[in-house]
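**Student:** after the sequence you'll find the predicted model.
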Amino acid sequence: MGLIAGAVAVFLLDSVFVLARVLFSSRCGAVDLLLLAGRLVGGSFLAALALRLVKGRPLLDVELNSNVSEQQQQLKRKEKGEKWSSLLLFLAFFYLSACSLRVALEVVTVDVSSFWNSLWVVIEILSLPIMQLEFVFIKGLVEEMSAGDGVKLSLHEHLLYWNDVENKGFVECSVCNEKVGERTGGFLVVQCRQCTGNEWGHGGFQVCTCCFRKNARGGSAGGLLRGDKGPKHMARLTVMQYIRRLAAQVQVSTLAMVAISVACSQSLNAYIPKTQGDIITALTTGSKDSFDHYLTDFACLVVAQAVAATALSVTSRALSARLFSDMSIKLFASLLKQDIAFYDHTMTGQMSARLFNDMRQATSPVHIIIHDFAANIVMLVAGFVICLQSSWRLTVLAFTVLTPVLHISREFSRWARKLMASQHTFICDAHGCAIQALTNIRTVRTFGAKGMELEKFQFHMQKFKDLGVKSAWGEGSSNLLSTLVQQGASFIILWYGGHLALKQEFPVGAIITFTYLWNRLSTAFTSLTDNLNEPVKAVSAGQRVFELMDLEPDIAEEGGEPFPSSKVGISFRNVDFSYQCRPDKKVLGGVTLDLEAGKTTAVVGKSGCGKSTLSKLLLRFYDPVKGAVYLNGVDLQQLHLLQYRANVGVVSQDTQLFRSSVSENITYGLRATEYTLQDVERAASLANADEFIRSLPEGYNTMVGESGHDLSGGQKQRLSIARALVRRPRILLLDEATSALDAENEAMVQEALDSLMQQMQGACTIMVIAHRLSTIKNADHIIVLHEGAVVEQGTHEELLQNDGNYASMISRQLHGDSGPKTLEQAMEDFTRLVEAVPAEQRNQLLIDIINLAKGMAS
Ligand SMILES: Nc1ncnc2c1ncn2[C@@H]1O[C@H](COP(=O)(O)OP(=O)(O)OP(=O)(O)O)[C@@H](O)[C@H]1O
């Protein structure tokens, strides 16, 4: 409605101007009448559009084949409407620009000595911005009318319109971050036009019908932003909001210093041509006193301007550096504190791209905002005032040309924004591809997938290049047009000002002032419009940076009850759990179990039955979808998570090491005051790792390569066991990882694990995901998981007697999957087993086997 009211008001105002011109101007010739008629017709057209809009009728009723779906009809209507609207807008733009120039040329020749003439001139000058406003409203209405019918989706407050993805190939869905369009299977996209409605067309809300449907079903759709409870949506930033947020990161005193230096340096810069003009005028009139006076002023102004410009440069650079560093720290802190569900859905490349590329892009325009925006705006305002002082006629002429330049630049910036958004997506894809391949380089080489990875990278870079070339051509044409229009203005100044000067009606110095100033103003204007894209580009990067900086995890690590000092028992009660990316697959269903305080509980079951998921819930990487996990009767969600995790020791299957010394890897996460060197060596000895660590070139100070690639699997496991031991945990989670190790390493790791469990026995509550019979058998309690449910539990003997899942699992372990073996085969296996165990442990092995056999016989 605002658009309609504005359009009608502008139309009425313009009609008044046109009528006043026809009635009161004695100079109205044929051309003027033609132009005036055009303005009236344009205005009527505008009013007609407004009326059609009020009646709710679309601008173009497109005849469509009745076979096509309603969605496709809307899309086609919109496509056709957009073509028509581009043509109409092009015509309106040229027509109104011609009208403005004609009015300006006429106004400057009027003699303003009489009151009526002056009044007429003021009215005509006021009509110039009205014409521009008329264009803005025509544009708004045409775009609104040609948009086709919008749809109302529950996830957004405004009407959404079908978005034509065919021209670009794809767009990114704002909800699920997926690329949507013909390249990805043709899901349709809807877009909010009101949210995109700011002047740079920024802030698009695009949602694909695929993800919207999933979203409506409460599914797992969602983009990068998510917490433990599901996807999150952040409001889109507008350019002004982005600038305000950037400013909020900076101290007020720094901002004030920058503002003062901008104001001083630019107003002095605008005033210098005035003094230069005055010097020339003093020369042409032969006034020595004036000449000396203006020359002294000139010298003082130049020095003051240089000092102010230096202050500006120093403060703005210092501000950029400080902003980049402060914001990077905040973003990294935010990336570190997210829920595990967030990392499950995010590629490392995506996160590092946000931390480095987006951060650089988001903060880089600070320099541009200060130097090209603030400085140029001050220059334009100060210059405009000085221009008006020198000659209002020349000012009217010159500034009439500026508005078309602004429109051309704005149109280009809209187009370029779309290209840049696509370019950015391709470069992020390429980046993600490269990081993934380099992180997993050994797998890539093992599977001979080098060529395939390169092809994927090439595909994205090729797209990036194509869009870059297209953008370069567009920029070139836009520059050509702007330059021609600008130089046209310089020509008009010289032509008109020169004629006045020849008639002695205008001081030569004023022409010089005007020409110098116009050069500075047009440079300021060009640089302002050239850089219009920069904040837009930065807003998308800023959006990505700020939304991540604002993202709060659902599972808070701080706050809550302290860890109890007594022994801890853990119980799962009716726990249901599914991972967010596979919401339909229930990984755990109604799990109820107890890990008794100070006892060892073994969890056994087939691969994929949910054993590791249990330990992840225990670490509170995720919260159960239903039910709860209790520690001494207190829900884990009520505990201080950092304190809780500090008391849990973990030995997992995939040991992750960092690029630092062996001892730093063992004490990872502990502060220097929390351990001594003896603690580290003791932990390493108990973990069977001391000997191999001492054989390394620099012992405990040897640097471990990235991801520990220069250590064997067994050595890494033993370091991980030492890491768990040195923390003196009260809860221990062991994921027996012996399958990937050779016999010798396996024996050593097992020995280390046994020693770890022995050390912790009694003082520590242990949950072990067990594969080895001796570990299972020695556990105080055994829980058998099958397809996410607890199917049996008890001691080894009790479970064997049950003759259920556990008994058949043990039997499979002993006999292999191919059924009972012959006595000879069994003896061969037995001999191999005995040989694999270190000599000093063979007796124990034989005793274990005899006990087991007795148990089975009874
Ligand atoms: N982050 C995840 N996102 C989605 N699904 C997952 C994730 N982690 C595990 N799963 C799935 O959950 C199920 C249980 O996995 P879990 O790792 O708990 O099994 P497991 O019993 O420990 O298996 P294994 O003994 O082979 O380690 C599997 O089907 C697995 O594919």
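**Tutor:** Yes, it's here.
**Student:** would Pro729 count as being in a helix?
**Tutor:** No - using DSSP: H, G, I helix; E, B strand; the rest coil, the assignment for Pro729 is coil, not a helix.
**Student:** so for it, what's the pLDDT?
**Tutor:** Listed pLDDT for Pro729 reads 86.
**Student:** so how far is whichever strand or helix holds Ser478 from its chain's centroid?
**Tutor:** Element membership of Ser478, judged by DSSP states H and E, is helix 450-502. Offset of helix 450-502 from its chain centre (Cα atoms, centre = their mean, to the nearest Å): 28 Å.
**Student:** now for it, which elements pack on it?
**Tutor:** helix 392-439, helix 508-530 (3 or more Cβ pairs under 8 Å, 6 or more residues apart in numbering; DSSP states H and E). C-beta coordinates here come from the backbone N, C-alpha and C atoms, glycine included.
**Student:** OK, contacts around the residue nearest the centre of the chain?
**Tutor:** Centroid-nearest residue in the chain, with Cα atoms, centre = their mean: Arg544, separated by 2.2 Å. Going by Cβ atoms under 8 Å, 6 or more residues apart in numbering, Arg544 touches Arg354, Asp358, Ala362.
**Student:** make a markdown table out of those residues and add pLDDT, secondary structure and distance to Val625.
**Tutor:** Below are the contacts of Arg544 laid out as a markdown table (pLDDT from 0 to 100; DSSP: H, G, I helix; E, B strand; the rest coil; distance: Cβ to Cβ, whole Å):
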| residue | pLDDT | secondary structure | distance to Val625 |
| --- | --- | --- | --- |
| Arg354 | 78 | helix | 29 |
| Asp358 | 81 | helix | 33 |
| Ala362 | 84 | helix | 36 |
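**Student:** reformat those as JSON lines; add distance to Gly610.
**Tutor:** Formatted as JSON lines, those follow (distance: Cβ to Cβ, whole Å):
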{"residue": "Arg354", "distance to Gly610": "32"}
{"residue": "Asp358", "distance to Gly610": "37"}
{"residue": "Ala362", "distance to Gly610": "41"}
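**Student:** write the ChimeraX selection for whichever of those residues are buried.
**Tutor:** Paste this into ChimeraX to select the buried members of these, with burial taken from 16 or more other Cβ atoms under 10 Å:
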select :354,358,362
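**Student:** looking at this structure, which helix or strand does the model trust least?
**Tutor:** helix 209-216 (a mean of 51; mean pLDDT, DSSP states H and E).
**Student:** ok but Arg102 is inside a strand, no?
**Tutor:** No - counting by three-state DSSP, Arg102 is not found in a strand; it is helix.
**Student:** Leu756 in helix, strand or coil?
**Tutor:** helix.
**Student:** same question for Ser571.
**Tutor:** Ser571 ends up strand, using three-state DSSP.
**Student:** what sits against it?
**Tutor:** Thr592, Leu593, Asp594, Leu595, Val629, Tyr630.
**Student:** pull the contacting residues for Asp297.
**Tutor:** Contacts of Asp297 by Cβ under 8 Å, 6+ apart are Thr275, Asp278.
**Student:** quick check: phi and psi on it?
**Tutor:** As for Asp297, its main-chain torsions (degrees, to the nearest 10) stand at phi -60, psi -40.
**Student:** how much space separates the residue nearest to the centre of the chain from the ligand?
**Tutor:** 24 Å (Cβ to the nearest ligand atom, to the nearest Å).
**Student:** what does Leu438 give?
**Tutor:** Leu438 is 22 Å from the ligand, by Cβ to the nearest ligand atom.
**Student:** how near is that residue to Gly349?
**Tutor:** 9 Å (Cβ to Cβ, to the nearest Å).
**Student:** sorry, back to before: which of the helices and strands packed on helix 450-502 has the lowest mean pLDDT?
**Tutor:** Across the helices and strands packed on helix 450-502, helix 392-439 gives the lowest mean pLDDT, at a mean of 73.
**Student:** after that one comes which helix or strand?
**Tutor:** By DSSP H and E, the next helix or strand past helix 392-439 is helix 441-446.
**Student:** could I get the buried residue list for that following helix?
**Tutor:** Val444.
**Student:** equivalent analysis for stretch 118-126, please.
**Tutor:** Trp120, Val121, Ile123, Glu124, Ile125.
**Student:** closest to Ser313 among the residues you listed?
**Tutor:** Ile125 (38.2 Å; Cβ to Cβ).
**Student:** the closest one and the ligand: what is the separation?
**Tutor:** Note on Ile125: its distance to the ligand, by Cβ to the nearest ligand atom, is 67 Å.
**Student:** just to be sure, that residue is in a helix?
**Tutor:** Yes - Ile125 sits within a helix when classified using three-state DSSP.
**Student:** what's near enough to touch it?
**Tutor:** Ile125 neighbours (Cβ under 8 Å, 6+ apart): Val107, Val396.
**Student:** what parts of the stretch 251-400 of the chain come near the ligand?
**Tutor:** By the rule Cβ under 6 Å from any ligand atom, the part of the stretch 251-400 of the chain lying against the ligand is Asp344.
**Student:** so where do the helices sit in the stretch 251-400 of the chain?
**Tutor:** 252-285, 288-336, 340-344, 348-352, 359-363, 365-368, 375-390, 392-439 (DSSP state H, counting those that start in this stretch).
**Student:** nearest to Gln750, of the ones you listed?
**Tutor:** In this view, those are compared for proximity to Gln750 by Cβ to Cβ, and helix 340-344 is the closest at 29.1 Å.
**Student:** thinking again about what came up before, closest to Ser44 among the contacts of Arg544?
**Tutor:** Set against Ser44, the nearest of the contacts of Arg544 by Cβ to Cβ is Ala362 (46.4 Å).
**Student:** how many neighbours does the closest residue in space to Glu681 that isn't next to it in sequence have?
**Tutor:** Closest residue to Glu681 apart from its sequence neighbours, by Cβ to Cβ, 6 or more residues apart in numbering: Asp690 at 6.4 Å. Asp690: 19 surrounding residues under other Cβ atoms under 10 Å.
**Student:** next: Tyr806.
**Tutor:** Tyr806, neighbours per other Cβ under 10 Å, totals 25.
**Student:** what does Met827 give?
**Tutor:** 11.
**Student:** number of residues surrounding Leu617?
**Tutor:** Leu617, neighbours per other Cβ under 10 Å, totals 23.
**Student:** roughly how far does it sit from the ligand?
**Tutor:** Here Leu617 is placed at a distance of 10 Å from the ligand (Cβ to the nearest ligand atom).
**Student:** can you check Val378 too?
**Tutor:** Counting by Cβ to the nearest ligand atom, the gap from Val378 to the ligand is 54 Å.
**Student:** relative to Ala309, how far out is the spatially closest residue to that residue that is not a sequence neighbour?
**Tutor:** Leaving aside its sequence neighbours, Val378 sits nearest to Gln266 (Cβ to Cβ, 6+ apart; 3.9 Å). Gln266 sits 9 Å away from Ala309, going by Cβ to Cβ.
**Student:** return the nearest residue of the stretch 201-350 of the chain with respect to the ligand.
**Tutor:** Proximity of the stretch 201-350 of the chain to the ligand (Cβ to the nearest ligand atom) peaks at Asp344, 4.6 Å away.
**Student:** surely that residue meets Cys581?
**Tutor:** Yes - under the criterion of Cβ atoms under 8 Å, Asp344 makes contact with Cys581 at 6.6 Å.
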